[in-house]
Structure formats: structure tokens, C-alpha cells
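Following is a predicted model, sequence given first.
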Amino acid sequence: MVETVRLEPGALSRAQVVAVARAGARVELGEAVRKNLAVARQHIDDLAEASVPVYGVSTGFGALATRHIPPGSRIVLQRSLIRSHAAGAGPAVEPEVVRALMLLRLHTLTSGHTGVRPETAIALAGLLNAGIVPVVHEFGSLGCSG
């Protein structure tokens, strides 16, 4: 049995996903992943400070894609985005499925292509390691993006 899953660049194995989802294996972020997170985040921070609007960084989303969001309003936009995606309905998904999904989301975030803050990835790994499993309902607002 795998006791620790170390996230590195590349694919996760089925055994790693099952170890975290079902057996509560710990999750660690490898050094290469940490470096990728920092590089990608710096790129996003640079884009956010630039005068040229960048979709999803300094603009709205969807119908608001052409609207430049001033730096002082971006925190409000991000909070609103999170709140709009925080609802669900229907029965709760099984904890092992939620843990698997959390690991897969973490793996995507640590790819170095998302621009997520390293602290966010570290916090998600911490939730898994602490055995904290949020209630996720079968039906939600995220569709394929979540």
C-alpha cells in the first residue's frame, strides 16, 4: 500500500489515486512541482500588473470578457466567482470520491499551467492530509470546469 503520494510532473497512477481516496495516503508536493507553481504564479502576477487586459486575469469572464477589471476590484470578482460556484444539490457524493476528486484537482493545479498561488495547492494537500472532506453534492454549478 502507498503511504505517501508525492506529486511530481507527470501522470498519477491509479494506485496513487486509490491510496489517497480510500486509504488516506498523505500527499506531498515535490520540489519540481513547487518550482512550477512559483514560476507560473509569477507569470500571472506579471500579467495582472500589465496595462494590457488579459482574459480571466484582468478581465471578467464570459459575457464580461471585454470588461477590464481594475486591480482594486479583482478580489471582489474572485470572491463572487467562488461563491457562485459553491452551491450544489442532491445527495452527497461519497467521501472517497471527493478525496479522489480533490487529489485530481490538486494534480491539475500543480501542473504549472494554472497560475494558482502555491499556498492554495499547499492548503489543498493539507486538507487531504488532515482527513478533511468537504460535502460535495451530486449536482452543482461547475459543469466541466470544476
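On my side now, so go ahead. Numbers count the residues shown, from 1 in each chain.

Please make it C-alpha for all contacts and neighbour counts, starting now.
Will do.

what about the strands in this structure?
Along the chain, the segments classed as strands by DSSP state E run 4-7, 26-29, 88-92, 137-140.

Adding distance to V39, mean pLDDT and mean neighbour count, write the ones you listed out as JSON lines.
As requested, the strands of the chain are exported to JSON lines (distance: least, C-alpha to C-alpha, whole Å; pLDDT from 0 to 100; neighbours: other C-alpha atoms under 10 Å):
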{"stretch": "strand 4-7", "distance to V39": "17", "mean pLDDT": "97", "mean neighbour count": "18"}
{"stretch": "strand 26-29", "distance to V39": "15", "mean pLDDT": "98", "mean neighbour count": "19"}
{"stretch": "strand 88-92", "distance to V39": "34", "mean pLDDT": "89", "mean neighbour count": "12"}
{"stretch": "strand 137-140", "distance to V39": "32", "mean pLDDT": "86", "mean neighbour count": "14"}
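
Of these, which is nearest D45?
strand 26-29 (21.7 Å; C-alpha to C-alpha).

who does that closest one pair up with?
strand 4-7 (parallel) (DSSP bridges).

just for this protein, where's the confidence low?
Along the chain, the model assigns pLDDT under 70 to residues 1, 141-146.
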